[in-house]
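Asks: here's a sequence, model it:
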Amino acid sequence: MGRVEREICIELAYSPCAGRVERLTLTLPEGSTVAHALERSGWPLPAYAPVGVWGRPCTLNELLRDRDRVEMYRPLKVDPKEARRQRHRLQRRTR
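Replies: Numbering: from 1, shown residues only. The predicted structure follows:
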(Lines give C-alpha, C1' and ligand atoms only; values in the text may rest on other atoms or scores of the structure.)
Protein backbone atom coordinates (compact mmCIF):
# COMPACT_ATOMS: atom_id res chain seq x y z
CA MET A 1 0.00 0.00 0.00
CA GLY A 2 1.12 3.54 -0.77
CA ARG A 3 1.81 6.13 1.85
CA VAL A 4 -1.02 8.65 2.39
CA GLU A 5 0.23 12.24 2.49
CA ARG A 6 -1.41 14.33 5.18
CA GLU A 7 -2.56 17.85 4.43
CA ILE A 8 -2.89 21.00 6.48
CA CYS A 9 -5.26 23.91 5.99
CA ILE A 10 -3.85 27.40 6.48
CA GLU A 11 -5.03 30.96 5.95
CA LEU A 12 -3.03 33.76 4.34
CA ALA A 13 -3.85 37.35 5.29
CA TYR A 14 -2.59 40.59 3.77
CA SER A 15 -3.72 44.18 4.09
CA PRO A 16 -2.63 46.09 0.98
CA CYS A 17 -4.03 49.35 2.43
CA ALA A 18 -5.82 50.58 5.53
CA GLY A 19 -9.31 49.16 5.94
CA ARG A 20 -8.85 46.31 3.45
CA VAL A 21 -7.80 42.75 4.23
CA GLU A 22 -7.39 40.01 1.65
CA ARG A 23 -7.62 36.41 2.85
CA LEU A 24 -6.94 33.13 1.14
CA THR A 25 -7.38 29.60 2.47
CA LEU A 26 -4.95 26.98 1.19
CA THR A 27 -4.56 23.24 1.61
CA LEU A 28 -0.91 22.24 1.63
CA PRO A 29 1.04 19.04 2.26
CA GLU A 30 2.17 18.52 5.84
CA GLY A 31 5.72 19.84 6.24
CA SER A 32 5.10 22.96 4.14
CA THR A 33 6.80 26.22 5.06
CA VAL A 34 5.74 29.86 4.97
CA ALA A 35 7.64 30.17 1.67
CA HIS A 36 5.61 27.29 0.17
CA ALA A 37 2.36 28.97 1.21
CA LEU A 38 3.35 32.33 -0.26
CA GLU A 39 4.50 30.70 -3.49
CA ARG A 40 1.27 28.71 -3.77
CA SER A 41 -0.91 31.78 -3.12
CA GLY A 42 -0.14 33.30 -6.50
CA TRP A 43 -0.25 36.77 -4.95
CA PRO A 44 2.30 39.27 -6.26
CA LEU A 45 4.37 39.83 -3.14
CA PRO A 46 7.28 42.17 -2.54
CA ALA A 47 10.43 40.25 -1.68
CA TYR A 48 11.14 42.48 1.32
CA ALA A 49 7.74 42.08 3.01
CA PRO A 50 8.05 40.81 6.58
CA VAL A 51 5.88 37.83 7.49
CA GLY A 52 4.51 36.26 10.65
CA VAL A 53 2.35 33.44 11.92
CA TRP A 54 -0.46 34.50 14.24
CA GLY A 55 1.15 37.91 14.85
CA ARG A 56 4.60 36.52 15.67
CA PRO A 57 7.36 37.46 13.19
CA CYS A 58 8.99 34.45 11.53
CA THR A 59 11.26 33.43 8.67
CA LEU A 60 10.19 31.98 5.35
CA ASN A 61 11.56 28.59 6.47
CA GLU A 62 9.16 28.23 9.40
CA LEU A 63 7.12 25.01 9.26
CA LEU A 64 3.38 25.47 9.25
CA ARG A 65 0.82 23.58 11.28
CA ASP A 66 -2.82 22.92 10.56
CA ARG A 67 -4.98 26.06 10.98
CA ASP A 68 -2.04 28.50 11.10
CA ARG A 69 -2.59 32.02 9.77
CA VAL A 70 0.30 33.46 7.78
CA GLU A 71 0.32 37.25 7.80
CA MET A 72 2.22 39.52 5.44
CA TYR A 73 3.02 42.95 6.82
CA ARG A 74 3.34 46.23 4.97
CA PRO A 75 5.52 49.07 6.23
CA LEU A 76 3.80 51.59 8.49
CA LYS A 77 3.50 55.10 7.07
CA VAL A 78 3.05 56.68 10.50
CA ASP A 79 4.24 55.54 13.90
CA PRO A 80 1.15 54.21 15.78
CA LYS A 81 1.89 56.41 18.81
CA GLU A 82 2.13 59.51 16.64
CA ALA A 83 -1.12 58.61 14.83
CA ARG A 84 -2.85 58.34 18.23
CA ARG A 85 -1.51 61.78 19.26
CA GLN A 86 -2.76 63.31 16.00
CA ARG A 87 -6.24 61.82 16.47
CA HIS A 88 -6.35 63.11 20.04
CA ARG A 89 -5.36 66.65 18.94
CA LEU A 90 -8.01 66.59 16.23
CA GLN A 91 -10.71 65.44 18.68
CA ARG A 92 -9.83 68.25 21.12
CA ARG A 93 -10.10 70.86 18.34
CA THR A 94 -13.53 69.66 17.20
CA ARG A 95 -15.09 69.87 20.68
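Asks: what secondary structure does the residue most central in space within the chain sit in?
Replies: Residue closest to the average C-alpha location in the chain (CA atoms, centre = their mean): residue 71, at 1.0 Å. With DSSP: H, G, I helix; E, B strand; the rest coil as the basis, residue 71 sits in strand.
Asks: cool, residue 89 as well?
Replies: Put simply, residue 89 is helix when judged by three-state DSSP.
Asks: what ranges of the protein fall below the confidence cut-off?
Replies: By pLDDT under 70, the weakly predicted segments of the chain are 1-4, 46-47, 95.
Asks: repeat the analysis, applying 90 as the threshold.
Replies: For the chain, applying pLDDT under 90 flags the ranges 1-5, 15-19, 42-50, 73-95.
Asks: which residues in it form helices?
Replies: Along the chain, counting by DSSP state H, helices occupy 34-41, 80-94.
Asks: closest one to residue 9 among those?
Replies: Comparing the helices of the chain by their distance to residue 9 (CB to CB), the top pick is helix 34-41, with 11.0 Å. C-beta here means a position set from N, CA and C on the backbone, and glycine is covered the same way.
Asks: by contact count, what packs against that closest one?
Replies: If you count contacts as 3 or more CB pairs under 8 Å, 6 or more residues apart in numbering; DSSP states H and E, helix 34-41 packs onto strand 7-17, strand 20-29, strand 51-53, strand 69-72.
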